[in-house]
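Trainee: Structure of the sequence below:
(chains A and B)
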Number of protein chains: 2
Amino acid sequence: MTDTEVQHGSEHADGVIDLLGMLAYASLSSYFRLSADASVAASLPDRVVLAEMAVGEYDHFRRLQRRLEELNADPNAAMQPFVQALDAFHASTRPADWLEGLVKAYVGDGFSADFYRTIADLADPQTQALVNEVLADTGQSDFVITRVREAIVADPPLAGRLTLWARRLVGEALGEVQRIAAEREPLARLLGSGDSSQPGKIGRMFAKLTDGHSRRMDALGLARPDRRGTTGGAANRSFRAIRTRVKDRNRSANPQ
Amino acid sequence: MTDTEVQHGSEHADGVIDLLGMLAYASLSSYFRLSADASVAASLPDRVVLAEMAVGEYDHFRRLQRRLEELNADPNAAMQPFVQALDAFHASTRPADWLEGLVKAYVGDGFSADFYRTIADLADPQTQALVNEVLADTGQSDFVITRVREAIVADPPLAGRLTLWARRLVGEALGEVQRIAAEREPLARLLGSGDSSQPGKIGRMFAKLTDGHSRRMDALGLARPDRRGTTGGAANRSFRAIRTRVKDRNRSANPQ
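Mentor: This next block holds a predicted model:
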């Protein structure tokens, strides 16, 4: 698919702009958040490492901004619809301390990255490639894993608090995904496009997101989410709500 | 002067490391400060413009970090002696709102830039070139000037408050310069090196700094500092204290 097709031809062009706009604002927000975390890090060397991560997020933002411009979309206009939802997510998941900030950077961003990658799989190859590059782990995860594991060794009861925190992060993220899917027609259409051609797509998306989350919890030495327990149940309910909404949309878009 | 000379030969090598370390930490702090200001800017486009400025500061930090590494200095160790003084400056000049933040970015950073350039004039040409590049105005000043002038047109009494704020910024900056000159032997030696060979150097430095400050106040549409008034008097006293200290040092270093 060429740029021109994405822009004028495809019915999913607006969905791609939505995806890029959402991801651009997410990168900008991550940049601000990481930068704020960095500024209060305990030592100067830690401040430098975290600032480097923050500026890495800003570089992602710049690349998405450029891609939106290439597609003749105004980057600020493309981001605007997602400002409220993403700000609400960050406001409701403000880390109480530096460690919660690290867990959020790893678990929260990891979960979001899987979500964006899943949508990008339904977009044109160039968008897919850019999204995957932008979301690639730059090796900074090792820093977070080391610091969190060290902290838990030094103070074992921390593990319980951080596990609950990580679950809350994913719960809030799912809530925002649900709201965005409800409000953004173009994105919901793009998300629904895979569903009709490949049955079970949303189910696989769910499995992929929870697998990724479990892997990250293991890496941090935190308890894995209980799929049959409360959090897994809430996540399942959120996903069912998204799936129903997407199906309803497809039905009303293509009445039989 | 080659790198090796700066590193091993010159008696001012440590002064150059001090200058680069101080400027590196100043760039890192500016980055954190601008990034925090950007995150609370009124509109999304403003947030993007300010974030771009912040990341520009981080790029300066990276270049100074690289130069320190080239000189076989540990960047974190080189920055550490200036952490307290620069943090104290920022803690005592925390902007009350976004406009004060803009004035600080322009007036405060402009003043500091002139100060660093003045020291760099006494260093080797490569350091001089890097410092001048890092401190070059990237055209973002126009943004600040426009916003501040617009705000004053909309609310004329603002001019008085912002003028007092700008004066306080320069007063606090001079206080920190004085403390740093008192505590950092290598930097004071570098600063003193120009003094003995070129009489009147410190006087000219003072004139250059106040001229630059007046130019920036004019650009913002704020009242120029009164050289014979309270603020000018305080600045003069600070400079006399620095000059006396540098002279005392030179006398004790080269007893007649």
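Trainee: In CSV, could you pull the C-alpha coordinates for the helix or strand hosting A:A219?
Mentor: Secondary structure from DSSP states H and E places A:A219 in helix A:201-220. This file holds the C-alpha atoms of helix A:201-220, laid out as CSV (Å, rounded to 0.1, in the frame of the first residue of the first chain):
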residue,chain,number,x,y,z
LYS,A,201,-8.4,-12.4,16.1
ILE,A,202,-9.6,-10.5,19.2
GLY,A,203,-9.3,-13.7,21.3
ARG,A,204,-5.7,-14.1,20.1
MET,A,205,-5.1,-10.4,20.8
PHE,A,206,-6.2,-11.0,24.3
ALA,A,207,-4.0,-14.1,24.7
LYS,A,208,-1.0,-12.2,23.3
LEU,A,209,-1.6,-9.2,25.7
THR,A,210,-1.9,-11.4,28.8
ASP,A,211,1.1,-13.6,27.8
GLY,A,212,3.2,-10.5,27.4
HIS,A,213,2.1,-9.2,30.8
SER,A,214,2.8,-12.5,32.5
ARG,A,215,6.3,-12.6,31.0
ARG,A,216,7.0,-9.1,32.3
MET,A,217,5.7,-9.9,35.8
ASP,A,218,8.0,-13.0,35.8
ALA,A,219,11.0,-10.9,34.7
LEU,A,220,10.4,-8.5,37.7
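Trainee: quick one, what contacts A:V48?
Mentor: Going by C-beta atoms under 8 Å, 6 or more residues apart in numbering or on different chains, A:V48 touches B:L28, B:P75, B:N76. Just so you know, the C-beta spots here come from the backbone N, C-alpha and C atoms, and that holds for glycine as well.
Trainee: mind showing which ranges of the stretch 151-256 of chain A have poor pLDDT?
Mentor: For the stretch 151-256 of chain A, residues meeting the criterion pLDDT under 70 lie at A:194-202, A:224-256.
Trainee: what is the rounded mean pLDDT of stretch A:67-81?
Mentor: The average of the pLDDT scores along stretch A:67-81 is 96.
Trainee: Other residues contacting it?
Mentor: For stretch A:67-81, contacts defined as C-beta under 8 Å, 6+ apart pick out A:3, A:6-7, A:13, A:16-18, A:20-22, A:24-25, A:28, A:64-65, A:127, A:130, A:183-184, B:44-45, B:48.
Trainee: now with 6 Å?
Mentor: A:Q7, A:I17, A:L20, A:G21, A:A24, A:Y25, A:Q65, A:L130, B:L44, B:P45 (C-beta atoms under 6 Å, 6 or more residues apart in numbering or on different chains).
Trainee: What number of residues are in the vicinity of the closest residue in space to A:F32 that isn't next to it in sequence?
Mentor: Spatial nearest neighbour of A:F32, chain neighbours left out: B:S39 (4.1 Å); criterion: C-beta to C-beta, 6 or more residues apart in numbering or on different chains. Using other C-beta atoms under 10 Å in any protein chain shown, B:S39 has 18 neighbouring residues.
Trainee: Report all helices and strands that the helix or strand that A:I17 is a member of contacts.
Mentor: Element membership for A:I17, per DSSP H and E: helix A:13-39. Judged by 3 or more C-beta pairs under 6 Å, 6 or more residues apart in numbering or on different chains; DSSP states H and E, the packing partners of helix A:13-39 are helix A:44-70, helix A:75-92, helix A:185-197, helix B:13-39.
Trainee: can I get these in a markdown table with distance to B:M217?
Mentor: Below are the helices and strands packed on helix A:13-39 laid out as a markdown table (distance: least, C-beta to C-beta, whole Å):
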| stretch | distance to B:M217 |
| --- | --- |
| helix A:44-70 | 32 |
| helix A:75-92 | 32 |
| helix A:185-197 | 49 |
| helix B:13-39 | 20 |
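Trainee: With respect to burial, which of these scores highest?
Mentor: Per residue and on average, the most neighbours among the helices and strands packed on helix A:13-39 fall to helix B:13-39, with a mean of 24 (mean count of other C-beta atoms under 10 Å in any protein chain shown).
Trainee: How far away from the center of its chain is it?
Mentor: With C-alpha atoms, centre = their mean, to the nearest Å as the basis, helix B:13-39 stands 9 Å off its chain's centre.
Trainee: Please report how far A:A154 lies from A:R147.
Mentor: According to C-beta to C-beta, to the nearest Å, A:A154 and A:R147 sit 11 Å apart.
Trainee: wait, doesn't the residue nearest to A:F32 sit right on A:R33?
Mentor: No. When contacts are counted by C-beta atoms under 6 Å, B:S39 is not listed as touching A:R33 (8.4 Å).
Trainee: re earlier: out of the contacts of stretch A:67-81, which one sits closest to A:I119?
Mentor: Of all the contacts of stretch A:67-81, A:L20 has the smallest distance to A:I119: 10.2 Å, by C-beta to C-beta.
Trainee: quick one, what contacts that closest one?
Mentor: Applying C-beta under 6 Å, 6+ apart, the residues near A:L20 are A:L64, A:R67, A:L68.
Trainee: If we look just around chain B, which residues of chain A are in range?
Mentor: When proximity is defined as C-beta under 6 Å from any C-beta of the partner chain, chain A approaches chain B at A:F32, A:S35, A:S39, A:L44, A:P45, A:V55, A:Y58, A:N76.
Trainee: give me that answer again for 10 Å
Mentor: Within chain A, the positions near chain B by C-beta under 10 Å from any C-beta of the partner chain are A:24-25, A:28-29, A:31-36, A:38-40, A:43-45, A:47-48, A:51-52, A:54-55, A:58-59, A:61-62, A:65, A:74-77, A:79-80, A:83.
Trainee: how near is the most centrally placed residue in chain A to A:Q140?
Mentor: With distances taken as C-alpha atoms, centre = their mean, the residue of chain A nearest its centroid is A:S112 (1.5 Å). Using C-beta to C-beta, we find A:S112 at a distance of 15 Å from A:Q140.
Trainee: Secondary structure element for A:A166, which one?
Mentor: A:A166 belongs to helix A:158-183, assigned by DSSP H and E.
Trainee: Kindly report the same for A:P156.
Mentor: In this structure, A:P156 is located outside every helix and strand according to DSSP H and E.
Trainee: quick one on the thing from earlier: wait, which of the helices and strands packed on helix A:13-39 is closest to A:A219?
Mentor: helix A:44-70 (16.8 Å).
Trainee: relative to helix B:44-70, how tilted is that closest one?
Mentor: On the basis of axes from the mean of the first three to the mean of the last three C-alpha atoms, to 10 degrees, helix A:44-70 is oriented at 130 degrees to helix B:44-70.
Trainee: Tell me, how many residues neighbour the closest residue to chain B within the stretch 101-250 of chain A?
Mentor: Closest to chain B within the stretch 101-250 of chain A is A:G101: 14.7 Å, counting by C-beta to the nearest C-beta. By other C-beta under 10 Å, the residues close to A:G101 number 22.
Trainee: Distance check, it against A:D109.
Mentor: 11 Å.
Trainee: shared neighbours of the two, anything?
Mentor: Counting by C-beta atoms under 10 Å, 6 or more residues apart in numbering or on different chains, the shared contacts of A:G101 and A:D109 are A:R33, A:L34, A:V144.
Trainee: helix/strand/coil for A:A123?
Mentor: The three-state assignment at A:A123 reads coil, by DSSP: H, G, I helix; E, B strand; the rest coil.
Trainee: from memory it sits against A:V131, does it?
Mentor: Yes. Taking contacts as C-beta atoms under 10 Å, A:A123 lies within contact range of A:V131: 7.5 Å.
Trainee: what touches both of the two?
Mentor: In contact with both A:A123 and A:V131: A:V16, A:L19, A:L20, using C-beta under 10 Å, 6+ apart.
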